[in-house]
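S.K.: Here is a sequence with its predicted model. Questions after.
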Amino acid sequence: MLIGTFTPRLDEKGRLILPAKFREELAGGLVMTRGHEKCLFVFPMAEFVTLHNTLRAAPLTSREARDFNRVLLSGAHDEIPDKQGRVTIPATLRQWAGLERELAVVGTGNKLEVWDSAAWEAYLTVASAAFDDAAGEVVPGF
């Protein structure tokens, strides 16, 4: 399970050193792509294959499904981390997510999210305010 928050930095070549806790799970390959709220999603390859199979089942007649597939898959980049656990985040994805040097890498169970550190802090401030109210709705009985 991918959980926790880590604060690595991008190097001058646009590479992210994956937190050690996640390296084994991602060693066989990963897919990074556009995520929600202007973060990047980083899926272990097997998890992305499962997601892709689900997306393939969506009807071609659905405009929302086509739009979602286009946005998600057109930005996707697959990679195998090097021996130091580094992956290059393509310039187009860095620009889209507003990634500079300081990052927040957030484990969300089946994937990682990569945020600009300041954007993550701003998001967390707003989302934390609604956390208590949403708990019963998102997880009944929580």
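M.R.: Nice, thanks for sending it over.
S.K.: list the buried ones in the lengthiest helix in the chain?
M.R.: Longest among the helix segments of the chain by residue count, using DSSP state H, is helix 117-138. Residues of helix 117-138 classed as buried by neighbour count (16 or more other C-beta atoms under 10 Å): 117, 119-120, 123. C-betas here are computed from N, CA, C, even on glycine.
S.K.: Check stretch 106-114 too.
M.R.: 106-107, 111-114.
S.K.: So what touches it?
M.R.: 1-6, 16, 21-22, 32, 35, 39-44, 47, 89, 97, 99, 103-105, 115, 120 (C-beta atoms under 8 Å, 6 or more residues apart in numbering).
S.K.: Just to be sure, which of the residues you listed are found in helices?
M.R.: Short answer: the contacts of stretch 106-114 in helices (DSSP H) are 21-22, 47, 97, 120.
S.K.: So which of those residues wins on neighbours?
M.R.: Of all the ones in helices among the contacts of stretch 106-114, the most densely surrounded is residue 97 (24 neighbours; neighbours counted as other C-beta atoms under 10 Å).
S.K.: how about stretch 64-71: buried residues?
M.R.: residue 69.
S.K.: could you give the mean pLDDT of that stretch?
M.R.: Averaged across stretch 64-71, the pLDDT comes to 92.
S.K.: who's in contact with it?
M.R.: Contacts for stretch 64-71 (C-beta under 8 Å, 6+ apart): 34, 55, 58-60.
S.K.: List only buried entries from the residues you listed.
M.R.: residue 34.
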